[in-house]
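Trainee: pasting a predicted model and its sequence here:
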Amino acid sequence: MDQPLDDATEAVLLALPKVSLHNHLIGAVPARTVLDLARKHGVVVEGGRTERTLYDHSSYEDLDEFLRVLDVAGSVVRDVEDFHRVTYETLTAGGAALGVLHREIFLSPPGHPGVPYRTILDGVLAGARDAETDTGITSRLVVGLNRNDTPSAARELVEQVVEHRVEEVVGIGLDYSELIGPPARFVEAFRLAGRAGLHRTAHSESGPPHHVEVILDVLGGERVDHGYHVVDDERITARCVAERVPFTCTPVSSDIGRYSGSGDGSHRRIAQMVDAGLLVTIDSDDPPMFGTDAVNDFRALVRALGYGTEQLARFTRNAVEAAWLDDTERADLTRRVADRLASLPAGPPATR
């Protein structure tokens with residue numbers, strides 16, 4: 001992780017209220033927890049990796065390597081107790097302690113082979129409720145479909161979500177490798193989710209700009225996860241500005257993967273998105289796996305783009321607008337964010 005900024009800026013970044021809309025539960029499991037759970041279940045971690053070497057984020061420009069390590073983490077989270085633990089950890093030490101007031105968590109049932117959906121749900125709900133009791137952080141759940149699975153498998157997962165519907169599960173997403181899973185293949189699963197009243201989003205990190213319109217027009221998506229290449233098409237960009245389509249960007253992970261700035265730390269695509277007037281939110285994706293956290297992704301943009309307190313607060317307000325909440329819940333979150341913003345320490349002015 002890069003060196004801290006000056007003390008005043010660091011104080012603002014920590015105190016900044018954050019609304020997290022792009023956080024994967026599997027990718028949020030700390031290395032120590034992965035190894036603890038591996039010992040619990042008698043799983044031998046390949047290569048004898050340690051807490052220090054399990055997450056080699058410098059190798060993740062190779063997406064397959066990242067997904068391989070992600071699969072290791074998912075394979076050791078197996079029972080209700082495990083899901084309670086990892087959910088509680090991401091919402092407390094990885095969330096509330098870093099200024100996160102509300103988080104939508106992506107669940108990835110296909111990433112936990114052989115684990116019933118209800119087991120995942122029961123553990124996650126218990127962990128989320130305990131985290132809210134202990135810290136005040138609120139949360140909702142989004143079930144991620146694996147685009148490397150078959151369309152029929154995706155539909156079956158949506159059927160399970162509908163069958164076991166709880167109010168905390170607010171939507172579905174689409175993730176994993178885009179190269180072998182273009183979004184239009186999953187139209188039936190998304191239509192089923194829409195008929196059931198579930199919100200819809202999909203990842204478009206490495207895909208071409210027209211995938212954004214496929215997500216919006218074919219899948220009925222209301223948000224786009226990542227979506228950096230939208231700025232390569234002026235017409236689609238203008239449409240998304242006019243329709244206030246939210247883009248949930250993750251600076252650090254996407255830079256390592258060479259999507260939001262070609263791996264050079266410039267985050268230039270995010271800068272282009274902001275300058276174009278797109279509704280951009282900031283989150284940390286798979287935090288420990290990429291050596292980041294809810295504070296550090298904002299730190300990366302301050303360092304690279306010179307954003308000041310006003311722009312950082314705008315990212316949070318954008319996330320409040322984009323969150324999948326009812327009117328009462330959104331009004332409450334708006335109030336909580338405003339209260340925190342009103343008490344922020346003096347921070348740096350913008351330099352761009």
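Mentor: Arrived safely.
Trainee: starting at the chain centroid, how far to the longest helix along the chain?
Mentor: Ranked by residue count and defined by DSSP state H, the top helix of the chain is helix 117-135. Computed by Cα atoms, centre = their mean, to the nearest Å, the chain-centroid distance of helix 117-135 equals 18 Å.
Trainee: and the strands in the stretch 151-300 of the chain?
Mentor: For the stretch 151-300 of the chain, applying DSSP state E, counting those that start in this stretch gives strands covering 169-175, 199-204, 223-226, 246-249, 279-282.
Trainee: now do the buried residues in stretch 317-336.
Mentor: Buried residues in stretch 317-336, counted by 16 or more other Cβ atoms under 10 Å: Arg317, Asn318, Ala319, Val320, Ala322, Ala323, Trp324, Leu325, Leu333, Arg336. Where C-beta positions appear, they are placed from N, C-alpha and C, glycine not excepted.
Trainee: run through who's touching it.
Mentor: 17-21, 101-102, 104, 138, 140, 142, 170-171, 199, 222-223, 244, 246, 248, 279-283, 337 (Cβ atoms under 8 Å, 6 or more residues apart in numbering).
Trainee: hmm, which of these are the buried ones?
Mentor: Buried among the contacts of stretch 317-336 (16+ other Cβ under 10 Å): 17-21, 101-102, 104, 138, 140, 142, 170-171, 199, 222-223, 246, 248, 279-283, 337.
Trainee: just to revisit the earlier point, mind checking which of the buried residues of stretch 317-336 land in strands?
Mentor: Assignment to strands by DSSP state E places none of these there.
Trainee: share the number of residues neighbouring Ala73, please.
Mentor: Ala73 sits with 28 neighbouring residues when counted by other Cβ atoms under 10 Å.
Trainee: got the contact list for it?
Mentor: Contacts of Ala73 by Cβ under 8 Å, 6+ apart are Ile26, Gly27, Val29, Val34, Met289.
Trainee: same question for Val158.
Mentor: If you count contacts by Cβ under 8 Å, 6+ apart, then Val158 has Val143, Leu145, Ile172, Ala189, Leu192, Ala193, Ala196, Leu198 around it.
Trainee: how about a cut-off of 7 Å?
Mentor: Ile172, Ala189, Leu192, Ala193 (Cβ atoms under 7 Å, 6 or more residues apart in numbering).
Trainee: ok so, going back, just the contacts of Ala73 now: which is nearest Glu81?
Mentor: Taking Cβ to Cβ as the measure, Glu81 sits nearest to Val29 out of those, at 13.8 Å.
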